[in-house]
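Enquirer: following is a predicted model, sequence given first.
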Amino acid sequence: MSCLFCRIVAGEVPATIVHETKTTLAFRDIQPKAPVHVLLIPREHVPNAVDLDGDQLGDLFAAAGEVAEAEGVAETGYRLLFNTGPDSGQEVFHAHLHLLGGQRL
(Lines give C-alpha, C1' and ligand atoms only; values in the text may rest on other atoms or scores of the structure.)
Protein backbone atom coordinates (compact mmCIF):
# COMPACT_ATOMS: atom_id res chain seq x y z
CA MET A 1 0.00 0.00 0.00
CA SER A 2 1.90 3.03 -1.25
CA CYS A 3 -0.86 5.65 -0.97
CA LEU A 4 -0.01 8.01 1.89
CA PHE A 5 -3.66 8.65 2.76
CA CYS A 6 -4.49 4.92 2.73
CA ARG A 7 -1.61 4.44 5.15
CA ILE A 8 -3.07 7.18 7.39
CA VAL A 9 -6.47 5.42 7.29
CA ALA A 10 -4.73 2.15 8.23
CA GLY A 11 -2.97 3.84 11.16
CA GLU A 12 0.49 3.22 9.67
CA VAL A 13 1.32 6.92 9.32
CA PRO A 14 0.52 9.35 12.13
CA ALA A 15 -1.87 12.23 11.54
CA THR A 16 -3.72 14.69 13.75
CA ILE A 17 -7.23 13.38 13.27
CA VAL A 18 -9.99 15.87 14.01
CA HIS A 19 -13.07 13.93 12.86
CA GLU A 20 -13.94 10.46 11.67
CA THR A 21 -16.96 8.52 10.55
CA LYS A 22 -17.47 5.05 9.16
CA THR A 23 -16.72 6.36 5.64
CA THR A 24 -14.56 9.48 6.12
CA LEU A 25 -11.47 10.68 7.93
CA ALA A 26 -10.45 14.30 8.58
CA PHE A 27 -6.99 15.38 9.69
CA ARG A 28 -4.85 18.51 9.82
CA ASP A 29 -2.76 19.34 6.77
CA ILE A 30 0.97 19.15 7.59
CA GLN A 31 1.62 22.23 5.42
CA PRO A 32 -1.35 24.46 6.32
CA LYS A 33 -2.27 27.35 4.04
CA ALA A 34 -4.63 28.90 6.63
CA PRO A 35 -5.04 28.80 10.43
CA VAL A 36 -7.58 26.01 9.91
CA HIS A 37 -6.54 23.59 7.16
CA VAL A 38 -8.10 20.16 7.37
CA LEU A 39 -8.11 17.40 4.75
CA LEU A 40 -11.20 15.23 4.47
CA ILE A 41 -10.85 11.91 2.69
CA PRO A 42 -12.97 8.87 1.96
CA ARG A 43 -11.63 5.84 3.85
CA GLU A 44 -11.85 3.90 0.59
CA HIS A 45 -9.11 4.68 -1.94
CA VAL A 46 -10.49 6.84 -4.75
CA PRO A 47 -7.79 8.47 -6.93
CA ASN A 48 -9.51 11.76 -7.81
CA ALA A 49 -12.53 13.81 -6.83
CA VAL A 50 -14.20 13.12 -10.17
CA ASP A 51 -14.14 9.40 -9.31
CA LEU A 52 -16.20 9.88 -6.13
CA ASP A 53 -19.80 8.68 -6.22
CA GLY A 54 -22.72 10.66 -4.86
CA ASP A 55 -22.72 8.92 -1.48
CA GLN A 56 -18.99 9.54 -1.00
CA LEU A 57 -19.38 13.21 -1.92
CA GLY A 58 -22.33 13.57 0.42
CA ASP A 59 -20.38 11.97 3.27
CA LEU A 60 -17.39 14.27 2.68
CA PHE A 61 -19.52 17.41 2.61
CA ALA A 62 -21.50 16.36 5.70
CA ALA A 63 -18.21 15.73 7.53
CA ALA A 64 -16.89 19.10 6.33
CA GLY A 65 -19.85 20.86 7.92
CA GLU A 66 -19.22 19.09 11.21
CA VAL A 67 -15.49 19.91 11.09
CA ALA A 68 -16.20 23.57 10.30
CA GLU A 69 -18.48 23.76 13.33
CA ALA A 70 -15.95 22.02 15.60
CA GLU A 71 -13.10 24.23 14.35
CA GLY A 72 -15.10 27.42 14.95
CA VAL A 73 -15.24 28.60 11.34
CA ALA A 74 -18.83 27.70 10.45
CA GLU A 75 -20.15 31.17 11.29
CA THR A 76 -17.36 33.28 9.80
CA GLY A 77 -16.91 31.18 6.66
CA TYR A 78 -14.53 28.71 5.13
CA ARG A 79 -13.43 27.42 1.76
CA LEU A 80 -13.87 23.88 0.43
CA LEU A 81 -11.53 22.88 -2.37
CA PHE A 82 -10.71 19.81 -4.45
CA ASN A 83 -7.52 19.68 -6.52
CA THR A 84 -7.81 17.16 -9.33
CA GLY A 85 -4.79 16.05 -11.33
CA PRO A 86 -1.16 17.08 -11.39
CA ASP A 87 -1.73 20.45 -13.07
CA SER A 88 -4.01 21.46 -10.19
CA GLY A 89 -1.32 20.85 -7.61
CA GLN A 90 -2.70 17.51 -6.41
CA GLU A 91 0.21 15.73 -4.74
CA VAL A 92 -1.49 12.69 -3.19
CA PHE A 93 -3.68 10.78 -5.61
CA HIS A 94 -6.38 9.85 -3.13
CA ALA A 95 -9.38 12.18 -3.42
CA HIS A 96 -9.30 14.78 -0.66
CA LEU A 97 -11.31 17.85 0.20
CA HIS A 98 -9.46 20.81 1.71
CA LEU A 99 -11.29 22.83 4.35
CA LEU A 100 -9.59 26.20 4.89
CA GLY A 101 -10.63 28.95 7.27
CA GLY A 102 -9.78 31.00 10.31
CA GLN A 103 -8.89 34.13 8.32
CA ARG A 104 -10.14 36.09 5.34
CA LEU A 105 -9.17 34.03 2.28
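Expert: Sure thing, it's come through.

Enquirer: make it CA atoms for all contacts and neighbour counts henceforth
Expert: Fine.

Enquirer: tell me the centre residue of this structure?
Expert: By Cα atoms, centre = their mean, the mean C-alpha position of the chain lies nearest to L40, the distance being 1.9 Å.

Enquirer: tell me the secondary structure at that residue.
Expert: Following DSSP: H, G, I helix; E, B strand; the rest coil, the label given to L40 is strand.

Enquirer: which residues touch it?
Expert: 24-27, 60, 63-64, 96-99 (Cα atoms under 8 Å, 6 or more residues apart in numbering).

Enquirer: let's have those residues in TSV, adding distance to L52 and neighbour count.
Expert: Converted to TSV, the contacts of L40 look like this (distance: Cα to Cα, whole Å; neighbours: other Cα atoms under 10 Å):
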residue	distance to L52	neighbour count
T24	12	20
L25	15	21
A26	16	27
F27	19	20
L60	10	23
A63	15	21
A64	16	24
H96	10	25
L97	11	22
H98	15	21
L99	17	24
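
Enquirer: restricted to strands, list these.
Expert: Among the contacts of L40, DSSP state E puts 24-27, 97-99 in strands.

Enquirer: and those residues as CSV, adding distance to R7?
Expert: Formatted as CSV, the ones in strands among the contacts of L40 follow (distance: Cα to Cα, whole Å):
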residue, distance to R7
T24, 14
L25, 12
A26, 14
F27, 13
L97, 17
H98, 18
L99, 21
